[in-house]
Every structure is written in C-alpha cells, then in structure tokens.
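> Just need the structure, nothing else, for what follows:
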Amino acid sequence: MGRFARARRASALAGIARRIALTAIAGLLPLIAAGQSAEQYRIGQLRFSCPTRLAGPRTSSPHLSTKLQETLGQPFVVDNRAGASGNIALEAAAKAEPNGYTLLVGNVSTNAINESTFADVLQTRPSRDLVGISKLVEIPHMLVAAPSFPPNSVAEMIEWAKRNPGKLNYASAGLGTYPHLDMLRLLKAAGIQMTHIPYKGGAAQMLPALMTGEVQLSFINLAHHVADQGRQIEGDRHHHASPAAELPGVATMAEQGFPGIGTNAWQGLFAPTATPKPILDKLHAAVVAVLSKPEMKELLARQLMTVAVSRSPQEFTEQVRAETQTWSEIVRDNKVKIE
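This is a model prediction of the structure:
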C-alpha cells in the first residue's frame with residue numbers, strides 16, 4: 001500500500017473514530033440529564049411563558065407563580081407572549097433549554113388543538129416537544145344565546161334552525177378554536193347549518209355581538225360569561241356529575257342528547273420534553289401542594305376556575321397526547337386548516 005493510500009486510510013479511520021466518540025457522547029447526554037437530582041435544581045429565576053396579553057383574572061398563572069415562588073424559594077417571572085393563537089408562547093417554551101427554568105402555562109388550544117390546525121405553520125410539535133407537569137384548572141364550557149333568540153333549549157334551537165335555514169349565525173374566537181370546532185360537531189350531530197362569524201378579539205367581542213343579536217349562539221367558557229350578557233341555553237359541565245353552583249337548573253349537553261360535545265377550557269403547566277424527571281417531579285409536587293390549599297381553591301373558584309391537578313406528570317402528558325389525537329381527527333373530519 002502506498003504512502004498516500006495509507007494516509008487516506010488512517011484519516012478515514014480517525015474520522016470514523018471521531019464519529020463513534022461523538023455518537024457515544026450524544027447518547028450519554030440524556031442519561032446525564034436524567035440523572036440530575038432535584039437538589040441540583042439550583043436557585044434561579046423561573047419563567048412562565050403565557051399565551052395571553054395579560055396574566056389576569058382568567059388565567060391561573062399569576063396566583064400560581066406567586067405561591068410557587070414561596071414554596072420553591074425561587075423567583076418567578078410571568079412572560080406574557082400573546083399572539084398567533086398562543087403559538088408564540090408555545091414555541092418559546094418548546095425551544096427553551098430543558099433545565100426546568102422556562103415553563104409554559106398552556107391550555108387545550110395551545111397544547112391539544114394547535115398542533116393540528118397549525119400543522120403547516122408551527123415550527124414545533126407540542127405533543128413531541130413539550131411534556132406535561134400537571135393540569136392546573138378547568139373552566140366549564142357552555143352554549144349561550146342572544147337575549148332576542150326565541151328557543152330555550154338545544155332541542156328548540158335545532159327545531160328553529162331547521163324551520164329557518166340560513167338565518168342563524170354563531171360566534172367563535174377564530175377558525176380552529178375549540179368553540180368553533182365544538183359548534184361544528186354540534187351542527188353535524190344535529191343535522192343543521194349556521195354561518196360562522198369569527199371574532200379575533202375573543203369573548204371581548206363575542207359577548208357584545210350576542211347581546212346585540214349580531215350572532216345568536218356561541219360556545220364560551222364560563223369564566224368569560226357574565227350573568228347579564230346573553231341568556232344561557234345550555235351549559236356543558238363535562239366531567240362534572242352535578243350542575244355547577246354558577247348554573248342552577250341548567251342541563252348539560254349530555255342530558256340534552258349530545259354527550260361529549262363541549263370542551264372544558266383547562267389550563268396546564270408544561271416543560272421542554274428533555275427536562276429531567278427529578279425536576280418534573282419536584283415541580284409537580286410543588287404545584288399540587290399550592291393548588292390543594294383551601295384558600296387557593298376558593299380564590300380560583302371565585303373566578304370560576306376549578307382546581308384539577310394531575311396525579312403525575314406522566315398522567316397529564318398521556319392525557320394531553322390522547323386529546324391531541326382526538327382533536328386531530330375532529331380537525332381532519334371537518335377539513336379545518338389554517339395557513
């Protein structure tokens with residue numbers, strides 16, 4: 001073998017050795033991270049990435065961050081990243097270092113629906129790139145009607161729609177949002193049609209539109225419903241065996257013959273997928289400790305949010321991934337796509 005051939009062979013062997021070494025190191029990194037203990041979760045500033053303009057009374061994040069700061073002894077910053085249907089906050093958290101210091105206060109839209117409706121837009125996949133820590137709260141979802149709309153039940157609404165084709169409008173917070181998808185499911189199940197009127201301003205625009213009769217119906221979460229804004233036809237208290245105190249005498253969708261239609265607007269805490277398990281477990285334990293306190297339950301209940309912590313990060317992660325699959329089928333069946 002010539003000198004140059006031997007040199008090329010030696011260089012090739014060295015390259016192979018380097019690749020093997022790099023592959024081995026890369027394989028060890030997750031194991032090293034996984035071995036990080038909760039005690040090594042050093043004092044540092046934690047950041048809640050929130051998909052809202054203001055972490056105000058309709059989100060659990062300001063109350064949770066304050067109490068977690070006391071429990072963990074670490075400062076918290078609530079980083080409100082509104083816009084793009086929550087995708088700005090979602091992608092910021094998914095791309096963060098998996099060290100437990102950047103977390104997402106997500107919800108059913110950002111973490112279970114957007115993966116399907118924004119499939120061609122998102123630079124991340126929530127079900128792959130984020131792991132659940134715990135569900136935080138649930139907010140009952142309900143179907144409300146304009147004061148001027150005659151029907152007093154879902155059955156009467158369906159009958160009215162069939163007698164008056166093309167005369168009903170319904171509101172949602174936008175294409176592909178859960179109020180939109182829930183209404184599509186109801187219309188399909190009932191065999192009726194309505195015109196979709198999306199409001200990018202969400203409940204702030206939807207409720208006045210209901211009051212003026214610009215639209216006749218809308219699914220909306222209870223925390224955004226004010227007693228004198230719209231007349232309640234139907235409240236969906238999915239996962240609640242008895243009527244909520246805020247909805248005396250209002251039947252559930254299941255009681256009206258439409259089980260499974262309507263969505264609880266849950267909020268939950270997430271971290272980047274590669275976050276070490278000891279850190280996830282520590283955060284889960286802290287969340288449970290904070291939200292299990294009677295004063296926290298009472299505070300959130302006053303804002304129409306029910307504490308609903310998960311038994312473990314794994315349970316919550318599996319629940320969200322199952323919901324993601326369910327919503328994917330609903331989006332596909334209704335040919336909903338956002339570009």
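
> Model confidence for the residue nearest in space to the middle of the chain, exactly?
In the chain, the residue lying closest to the centroid (Cα atoms, centre = their mean) is residue 107, at 1.8 Å. Residue 107 carries a pLDDT value of 94.

> Leaving out sequence neighbours, find the closest residue to it.
Spatial nearest neighbour of residue 107, chain neighbours left out: residue 267 (4.9 Å); criterion: Cβ to Cβ, 6 or more residues apart in numbering. From N, CA and C alone the C-beta is placed, and that goes for glycine too.

> and the gap between the one you found and residue 147?
Here residue 267 is placed at a distance of 30 Å from residue 147 (Cβ to Cβ, to the nearest Å).

> quick one: which of these two has more around it?
Neighbour totals were compared for residue 267 and residue 147, and residue 267 leads with 23 against 12 (other Cβ atoms under 10 Å).

> Report pLDDT for the more buried one.
Looking at residue 267, its pLDDT stands at 94.

> That one against residue 105, yeah?
Yes. Applying Cβ atoms under 8 Å, one finds residue 267 in contact with residue 105, separated by 6.2 Å.

> check contacts around residue 176.
Residues near residue 176 by Cβ atoms under 8 Å, 6 or more residues apart in numbering: 85, 113-114, 117-118, 331, 336-338.

> Could you pull up the residues touching residue 290?
Contact partners of residue 290, counting by Cβ under 8 Å, 6+ apart, are 64, 67-68, 71, 296.

> Of the contacts of residue 176, which one scores lowest on pLDDT?
Lowest pLDDT among the contacts of residue 176: residue 337, 81.

> Could you say which helix or strand holds that residue?
Counting by DSSP states H and E, no helix or strand carries residue 337.

> The chain: helices as residue ranges?
In the chain, the helices defined using DSSP state H lie at 3-34, 61-72, 87-94, 108, 114-117, 126-129, 154-163, 178-190, 203-212, 277-291, 294-302, 313-333.

> Redo those helices as a markdown table? Include distance to residue 262.
Below are the helices of the chain laid out as a markdown table (distance: least, Cβ to Cβ, whole Å):
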| stretch | distance to residue 262 |
| --- | --- |
| helix 3-34 | 39 |
| helix 61-72 | 24 |
| helix 87-94 | 24 |
| helix 108 | 12 |
| helix 114-117 | 18 |
| helix 126-129 | 22 |
| helix 154-163 | 11 |
| helix 178-190 | 6 |
| helix 203-212 | 16 |
| helix 277-291 | 24 |
| helix 294-302 | 20 |
| helix 313-333 | 13 |
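
> what's the least confident stretch among the ones you listed?
helix 3-34 (a mean of 37).

> The residue nearest to the centre of the chain touches residue 264, doesn't it?
No. Using Cβ under 8 Å, residue 107 is not in contact with residue 264; the gap is 10.3 Å.

> who's in contact with residue 166?
If you count contacts by Cβ under 8 Å, 6+ apart, residue 166 has them with 193, 195.

> Torsion angles phi and psi at it?
Phi and psi for residue 166, reported as degrees, to the nearest 10, are phi 80, psi 0.

> For residue 129, which non-adjacent residue is spatially closest?
Excluding the flanking residues, the one nearest residue 129 by Cβ to Cβ, 6+ apart is residue 94, at 4.1 Å.

> okay, now the one you found: neighbour count?
The burial count assigned to residue 94 is 24, neighbours taken as other Cβ under 10 Å.

> rewinding a little: quick one: the residue nearest to the centre of the chain and residue 263, what's the gap?
As for residue 107, its distance to residue 263 is 10 Å (criterion: Cβ to Cβ).

> Repeat that for residue 322.
From residue 322 to residue 263 the distance is 14 Å (Cβ to Cβ).

> next one: residue 274
Counting by Cβ to Cβ, the separation of residue 274 from residue 263 is 30 Å.

> Kindly report the same for residue 312.
Per Cβ to Cβ, residue 312 is found 23 Å from residue 263.

> now residue 194
Noted for residue 194: a distance of 18 Å to residue 263, by Cβ to Cβ.

> Also residue 318?
According to Cβ to Cβ, residue 318 and residue 263 sit 18 Å apart.

> Which one's more surrounded, these two?
Neighbours per residue (other Cβ under 10 Å) separate residue 318 from residue 263, with residue 263 holding more: 26 against 13.

> The nearest residue to the more buried one once chain neighbours are set aside: neighbour count?
Sequence neighbours aside, residue 178 is the residue nearest to residue 263 in space, at 4.6 Å (criterion: Cβ to Cβ, 6+ apart). Neighbour count of residue 178, defined by other Cβ under 10 Å: 23.

> Ok, residue 71 next?
Residue 71 - counted by other Cβ under 10 Å - has 13 other residues nearby.
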